[in-house]
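Asks: sequence and predicted model, in that order:
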Amino acid sequence: MKKLLYIGGGLLVLALVGFFALEFFLGHIVTAGVNSFAPKLTQTKVVLDRSTISPLTGSGTLSGLVVGNPKGWSDGNLCSLGKVHVNIAPFSLLGDHIVVNEIALEAPEFNYETKLIASNVADLLKNIEATMGGGKDAAPQATTKSGKPIKFAVKKFRLTNGKVRLGLAGTGMTLPMPDIVLTDLGTKEGGITPDQLVLAVMKSVTSSIVSATAKAAGDIGKTGGAAAAEGAKKAVEGLKGLFGGDKKKTP
C-alpha cells in the first residue's frame, strides 16, 4: 500500500512538472514567433515581452506588446497594447489550423502622427500590404515542421477602452476610440494566414481612429474656435483620403 502511495505521488509530481514545462514551452513559442514574424510583416519594431498559454484551457495572456513607428516618423511607438488576453482551442495548437475563440485588447494606446496627407498608421498598413504582395519585401509565411502554412480562425476579436493620442496643432489631445468587435475572421475560409489576420484587424483599428478624430473635429468646432476646427478637419480628411473614403468599423 505504501509503495502504491509513493508511485502515485511520483506520478502526480511528474504530471505537474510536465504541465508547467508545457505551459512554459507554449509561452516561449508564442513569444518567439511574434518577435520573429511580426517585424518582418510590419517592417517596424515589434516586441512582445512575454506570454503564457495554459495547455489545458487554451487561455493565456500576451504582455508588453509594442509596435514601433514606420520609417519617416518619430522614434516613439505607434501603439502599446499592454496585455492581450486570448482563448485558444487547446488541441488546435498542435496542428496547422489554430482556432482562437477570442482575442481581447483592453485599453490599448495608439499614437497617431500626421503630416500633410500622410500618417504613421497609413504607412503601417502600406507596409503590411507590401509584404503580402509576394515581391522582394514579402514576409516569410509561418509554417509547421512539415511545411504546411499555419492558418488562424478567430471567432471573436474585441478592442475596448482604447485611446488615441492626436498631435493636433501642438495640443497633443488624447481621444477615446470607439470599441471594435469583429467576428468569424477566417472561419468560413477554413483559416486565414497571420498577415491576412493582422491586416483585417488593423483596417478596423484605422477606422476607429478615424471615428475618434472625426468626433474630435466636431467637438473642437463647437468649443475651440474656427482655426482649431479647421486643423482637425484637415487631419480627418487627410486620413480618410489615404483609405479611399470614410471607413466604417465592423459592428
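Replies: Great, that's in hand.
Asks: got the buried residues for the helix or strand containing Ile209?
Replies: Following DSSP states H and E, one finds Ile209 within helix 194-223. Buried residues in helix 194-223, counted by 16 or more other Cβ atoms under 10 Å: 194-217, 220. For glycine as for every other residue, the C-beta is placed from the backbone atoms N, C-alpha and C.
Asks: same check, this time on stretch 159-166
Replies: 159, 162, 164-166.
Asks: which two of those have the greatest separation?
Replies: Greatest spatial distance among the buried residues of stretch 159-166 (Cβ to Cβ): Leu159 and Leu166, at 17.4 Å.
Asks: the helix holding Ile209: how far from the chain's middle?
Replies: 15 Å (Cα atoms, centre = their mean, to the nearest Å).
Asks: for it, packing partners?
Replies: helix 2-42, strand 109-112, helix 120-131, strand 151-160, strand 163-166, strand 173-176, strand 180-185, helix 226-242 (3 or more Cβ pairs under 8 Å, 6 or more residues apart in numbering; DSSP states H and E).
Asks: Val38 against Ala32, yeah?
Replies: Val isn't right for residue 38; it's Ala. No - using Cβ atoms under 8 Å, Ala38 makes no contact with Ala32, being 11.1 Å away.
Asks: who has more neighbours, the two?
Replies: Ala38 (20 against 12; other Cβ atoms under 10 Å).
Asks: list the contacts of that one.
Replies: 46, 48, 67, 198 (Cβ atoms under 8 Å, 6 or more residues apart in numbering).
Asks: and the nearest residue to Val164 once chain neighbours are set aside, what is it in contact with?
Replies: Nearest residue to Val164 in three dimensions, chain neighbours excluded: Phe110, at 4.6 Å (Cβ to Cβ, 6 or more residues apart in numbering). Residues in contact with Phe110 (Cβ under 8 Å, 6+ apart) are 78-79, 121, 162-165, 177, 205, 209.
Asks: try it again with 7 Å
Replies: Shown in contact with Phe110 (Cβ atoms under 7 Å, 6 or more residues apart in numbering): 78-79, 162, 164, 209.
Asks: now do Val34
Replies: So Val34 contacts 46, 48 (Cβ under 7 Å, 6+ apart).
Asks: on the three-state scheme, the residue lying closest to Ile53 once chain neighbours are set aside is what?
Replies: Once flanking residues are discounted, Ile53 sits nearest to Gly60: 3.7 Å by Cβ to Cβ, 6+ apart. Recorded secondary structure, Gly60: strand (DSSP: H, G, I helix; E, B strand; the rest coil).
Asks: any idea how far Gly60 is from Leu94?
Replies: The gap separating Gly60 from Leu94 is 15 Å, by Cβ to Cβ, to the nearest Å.
Asks: between these two, tell me which one has more neighbours.
Replies: Gly60 (20 against 9).
Asks: how about the more buried one, what does it touch?
Replies: 51-54, 86.
Asks: switch to 6 Å and redo it
Replies: 52-53, 86 (Cβ atoms under 6 Å, 6 or more residues apart in numbering).
Asks: for Ile103, state which of those is nearest.
Replies: Comparing the contacts of Gly60 against Ile103 with Cβ to Cβ places Val86 closest, at 5.4 Å.
Asks: which strands or helices does the helix or strand where that closest one lies pack on?
Replies: Using DSSP H and E, Val86 sits in strand 77-88. Secondary-structure packing of strand 77-88 (3 or more Cβ pairs under 6 Å, 6 or more residues apart in numbering; DSSP states H and E): strand 59-68, strand 97-106, strand 109-112.
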